[in-house]
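A.B. asks: okay, predicted coordinates and the sequence, questions at the end:
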There are 2 protein chains.
Amino acid sequence: MKSRRDELVDTALRLFYKQGFNATGIDKILSESGVAKMTLYKHFGSKDELILAALTRRDEQFRDWLTNAMETASPDPRAQLLSLFDALEKWFRGQAFKDLGFSGCAFINASGEFTDPDHPAHRIAKQHKQEIVDYLAKLCTKAGATDPETLAEQLALLKEGAIVTAHVRGMPEAARVAKTIATGLLDAALPA
Amino acid sequence: MKSRRDELVDTALRLFYKQGFNATGIDKILSESGVAKMTLYKHFGSKDELILAALTRRDEQFRDWLTNAMETASPDPRAQLLSLFDALEKWFRGQAFKDLGFSGCAFINASGEFTDPDHPAHRIAKQHKQEIVDYLAKLCTKAGATDPETLAEQLALLKEGAIVTAHVRGMPEAARVAKTIATGLLDAALPA
DNA sequence: TGACAAATAGACAGATCGGTCTGTATATAT
DNA sequence: ATATATACAGACCGATCTGTCTATTTGTCA
């Protein structure tokens, strides 16, 4: 059973993601979640704190989904790395996070609204991206890459490019463009 | 000499870019530009129209800068394509658009605040990205690529990945990560 | 000098914002 | 049954938002 706090965070995440952070008012979150205003301010000190809680929830949710998708795709680390882009395409096409749809990356969006790198929301975004790079580097090591960190940075950059292209241009097939490049990188960087 | 309209659009672009669209109020644009409110509403029917004008200005400004940087870098189309990433790194480090600094891509940011693909701001963003792809495809053709459209899409995706990585993670060296990948793509796709 | 266009300052309206407060209802546990 | 914690509804506050209005000033051209 969901707590009132969970109800708030889930509703906030959904609205922030679809309509933006600054454009989403407290009152809309309250009416859509059916929670009273005082309850919000018992759990969170301010709207800003609710934003951070929503982003933290998204971080867990997204990385759980991604690592699960990649690890169930294949036992082979090389194939797992490539399956990243298959998972992305499903996301772009609205087949993951069905209650949220696809409105780009919540962390890229947050960094766009809070451009100051010291803003807490921007810091969470940076941390989220770093954790994904670290996860990819782990897989690259398992796959036998001689320079797993560099390879992970390259794959992560392809991921970001695919997300932006899919969202701004409405082009979910960007995932396959990225996958093609990634295949070439893995062929060159991994032992046959 | 700058018209009052230009003064408004330039100030609006600077504030929208640094602080976000929804977070920037009309009054701040007016006070920083020294323009009266009625003058704004004579030139533009609403804040939304000013947003569109600012994005349109940014489109011209950015593509002028980019194509100029690439075409002055070398007469060779292959080298021009690679110099895209040198230009990006200068941008990331704040050495281009000195009055604006670097706060990510204004069009990615706009798409993040106006996620609806039918929103006029999102449409302008999509169009901006498409025009850059078309320009890259033209250069790829000149460089002798057998499939210039695909190559252009790949290079554009690398560009988007570099921008996001540089902004969200504060990592201007992402331009070189992208350039390394691009070099491999060009080596494989262009005649020796 | 006089007419006209454009921009100015600033009050104002109506809505919405984030956040505070009071008072009531509900549910659990002793 | 009573005490306690939690959440409810909703009024309320000051600030801010976009957009409208009036009245005044500035600059230009004839």
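C.D. replies: Right, received. Where do you want to start? Fair warning: this is a prediction, and the values are worked out from it, not measured in the lab.
A.B. asks: gap between the residue nearest the centre of chain A and DNA strand D?
C.D. replies: The centroid of chain A falls nearest to A:F62 when counting by C-alpha atoms, centre = their mean (5.0 Å). Here A:F62 is placed at a distance of 26 Å from DNA strand D (C-beta to the nearest atom of the strand, to the nearest Å). All C-beta spots, glycine's among them, are computed from the backbone N, C-alpha and C.
A.B. asks: how about the helix or strand encompassing that residue and DNA strand C, touching?
C.D. replies: Assigned by DSSP states H and E, A:F62 belongs to helix A:47-73. Yes. Residues of helix A:47-73 contacting DNA strand C under C-beta under 7 Å from any atom of the strand: A:47-48.
A.B. asks: mind checking the pLDDT average for that helix?
C.D. replies: Here helix A:47-73 scores 97 as its mean pLDDT.
A.B. asks: helices or strands up against that helix?
C.D. replies: helix A:4-19, helix A:77-92, helix A:106-113, helix A:120-142 (3 or more C-beta pairs under 8 Å, 6 or more residues apart in numbering or on different chains; DSSP states H and E).
A.B. asks: do the third one and DNA strand C meet?
C.D. replies: No. Using C-beta under 7 Å from any atom of the strand as the criterion, no contacts between helix A:106-113 and DNA strand C are found, and the smallest distance is 12.5 Å.
A.B. asks: give me the pLDDT value at the residue of chain A found nearest DNA strand C.
C.D. replies: Nearest residue of chain A to DNA strand C (C-beta to the nearest atom of the strand) works out as A:G25 at 2.9 Å. In this model, A:G25 is scored at 96, pLDDT.
A.B. asks: over to A:M1?
C.D. replies: 68.
A.B. asks: ok, A:T180 to A:L158 distance?
C.D. replies: Relative to A:L158, A:T180 is positioned 10 Å away (C-beta to C-beta, to the nearest Å).
A.B. asks: same thing with A:I181?
C.D. replies: 6 Å.
A.B. asks: any common contacting residues for the two?
C.D. replies: Contact criterion C-beta atoms under 8 Å, 6 or more residues apart in numbering or on different chains; residues shared by A:I181 and A:L158: B:157-158, B:181.
A.B. asks: please narrow those residues to those residing in helices.
C.D. replies: B:157-158, B:181 (DSSP state H).
A.B. asks: can you list the residues of chain A near DNA strand D?
C.D. replies: Neighbours of DNA strand D within chain A, by C-beta under 7 Å from any atom of the strand: A:3-5, A:34-39, A:42-43.
A.B. asks: Serialize these to JSON lines and add fields for secondary structure.
C.D. replies: Converted to JSON lines, these look like this (DSSP: H, G, I helix; E, B strand; the rest coil):
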{"residue": "A:S3", "secondary structure": "coil"}
{"residue": "A:R4", "secondary structure": "helix"}
{"residue": "A:R5", "secondary structure": "helix"}
{"residue": "A:G34", "secondary structure": "coil"}
{"residue": "A:V35", "secondary structure": "coil"}
{"residue": "A:A36", "secondary structure": "coil"}
{"residue": "A:K37", "secondary structure": "helix"}
{"residue": "A:M38", "secondary structure": "helix"}
{"residue": "A:T39", "secondary structure": "helix"}
{"residue": "A:K42", "secondary structure": "helix"}
{"residue": "A:H43", "secondary structure": "helix"}
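A.B. asks: can you tell me which of the residues you listed is nearest chain B?
C.D. replies: Checking the residues of chain A next to DNA strand D against chain B with C-beta to the nearest C-beta, the nearest one is A:K37 at 21.7 Å.
A.B. asks: contact partners for that closest one?
C.D. replies: Counting by C-beta under 8 Å, 6+ apart, the residues that A:K37 touches are A:26-27, A:30.
A.B. asks: in the strand or helix carrying A:L186, what counts as buried?
C.D. replies: Using DSSP H and E, A:L186 maps to helix A:174-189. Of the residues in helix A:174-189, A:174-175, A:177-182, A:185-186, A:189 count as buried by neighbour count, 16 or more other C-beta atoms under 10 Å in any protein chain shown.
A.B. asks: over to stretch A:82-96?
C.D. replies: A:82-92, A:96.
A.B. asks: ok, back up a step: can you list contacts of the helix holding A:L186?
C.D. replies: A:78, A:81-82, A:84-86, A:88-89, A:92, A:140, A:143, A:145-147, A:151, A:154-155, A:158-159, A:161-163, A:165-166, B:150, B:153-154, B:157-158, B:181, B:184-185, B:188.
A.B. asks: so, low pLDDT: which residues of chain A?
C.D. replies: A:1 (pLDDT under 70).
A.B. asks: switch to 80 and redo it
C.D. replies: A:1, A:192 (pLDDT under 80).
A.B. asks: what does chain A have sitting close to DNA strand C?
C.D. replies: So far as C-beta under 7 Å from any atom of the strand goes, chain A lies against DNA strand C at A:24-28, A:37-38, A:41, A:46-48.
A.B. asks: hmm, 6 Å instead?
C.D. replies: A:25-27, A:37-38, A:41, A:46-47 (C-beta under 6 Å from any atom of the strand).
A.B. asks: could I get the residues you listed as a markdown table with distance to A:S74?
C.D. replies: Formatted as a markdown table, the residues of chain A next to DNA strand C follow (distance: C-beta to C-beta, whole Å):
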| residue | distance to A:S74 |
| --- | --- |
| A:G25 | 45 |
| A:I26 | 45 |
| A:D27 | 47 |
| A:K37 | 48 |
| A:M38 | 50 |
| A:Y41 | 47 |
| A:S46 | 44 |
| A:K47 | 43 |
